[in-house]
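Student: the sequence isn't on hand, but the structure is:
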C-alpha cells in the first residue's frame, strides 16, 4: 500500500486535511451545508533543504502541525460561534459583528495557550514529579520507564474520560471519517461515503500512534540523557534539572518518533511492523468511532479540497456549460 503523504485532523463538526501543497478544512454548519476553507501550504522542510533532513524534518513537521491544528480548530470553533450569534448579529449590525469576532479570537488564543501550558504540566512535569518520589533516581532506565508509564496512563485515562461526552464522541467519529477517507484514497477507490465506509477506521500513521511511539522513544532518549548527565555531574539530575533537560530534548524525541512513524507507514505490511504498530491501533479504539455517511461526506469534501480534486470537478462543470 503506498504512503501518499496525506494527513488530517478531526475538528468541531468537521475535518482538516493536509496534502503537500494545501490545507483544507470542511465543516458542516447547522443548516446542512458544508463550508470549506482551503489555503496553500508549503512546509518549511520543502523550502529549506537543511530542514528536510531526517530527524530535523520531524521536529519541524511537529511544530507546523501543532500550529495548523490550533488554527483549524479555531476556525471550526469560529464557525460554530458565528452560527450561534448570527441572529443577534443581524439584529445589532456590523459593529456588533466586529466586536464578537475580536472577543472570540482573543478567547480562542488565550484558551489555546492555557491548554498548551496545562498539557505541559500534566503530561510532562507531573510524571517526572511522581517518579521522583520513588527511590529510583539513580536508575535512569527504571525512572524513565515509570515516568513514561505514568504519562501514557494519564493520556489514556484522559481520552477515555472525554470519550464519555457526546460532544467529543462526535469529534472521534469525524476522526474515524478522516481515516476511512484517507484509506479509500490510498487504495485508489472512488471517493464516496459508500466506498470509504468499507475501510477500517484504524490507521498506522495516525497521531494517536505517534503519541505511543513518542512515549516509548522518549524512555530511551531520556534514559540516555539522564545517564550522560550523571556521568558528567557525578550525581543524577534533580527534578527541575531533569525537567529542563527532557523538555529541551523534546524536538529530538519528536523528530525521531516522526521517522519511526513514517517508516511504519511505508512498511505496514511487514510482519514485525504489524506487531510494533498494534498498541497505536488499539488506542485508536478510543480516539476514533464509526462515522455516519454525512460525516464521511465532510471528510471526503476536505480531502478533495486538499488534493485539488474539488477545483478539477468545478473546472469540468464550467467547461461542460454551453
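Tutor: On my side now, so go ahead. For clarity, every value in this text was computed on a predicted model and none was experimentally measured.

Student: so what's the residue count around residue 54?
Tutor: Using other Cβ atoms under 10 Å, residue 54 has 11 other residues around it. Where C-beta positions appear, they are placed from N, C-alpha and C, glycine not excepted.

Student: what's near enough to touch it?
Tutor: Applying Cβ atoms under 8 Å, 6 or more residues apart in numbering to residue 54 gives the contacts 255, 259.

Student: pLDDT below threshold where in the stretch 1-150 of the chain?
Tutor: Residues of the stretch 1-150 of the chain that meet the criterion pLDDT under 70 lie in 1-4, 80-109, 112.

Student: all strands of the stretch 1-150 of the chain, in order?
Tutor: 7-11, 14-18, 22-28, 34-40 (DSSP state E, counting those that start in this stretch).

Student: a markdown table for the ones you listed, including mean neighbour count and distance to residue 308?
Tutor: As requested, the strands of the stretch 1-150 of the chain are exported to a markdown table (neighbours: other Cβ atoms under 10 Å; distance: least, Cβ to Cβ, whole Å):
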| stretch | mean neighbour count | distance to residue 308 |
| --- | --- | --- |
| strand 7-11 | 25 | 15 |
| strand 14-18 | 29 | 11 |
| strand 22-28 | 24 | 7 |
| strand 34-40 | 16 | 9 |
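
Student: in JSON lines, list these along with distance to residue 244.
Tutor: Output for the strands of the stretch 1-150 of the chain, formatted as JSON lines (distance: least, Cβ to Cβ, whole Å):
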{"stretch": "strand 7-11", "distance to residue 244": "30"}
{"stretch": "strand 14-18", "distance to residue 244": "32"}
{"stretch": "strand 22-28", "distance to residue 244": "34"}
{"stretch": "strand 34-40", "distance to residue 244": "36"}
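
Student: per-residue confidence at the residue nearest the centre of the chain?
Tutor: Compute the mean C-alpha point of the chain, and by Cα atoms, centre = their mean the closest residue is residue 207, 4.9 Å away. We have a pLDDT of 79 for residue 207.

Student: tell me the contacts of it?
Tutor: Contacts for residue 207 (Cβ under 8 Å, 6+ apart) come out as residue 9.
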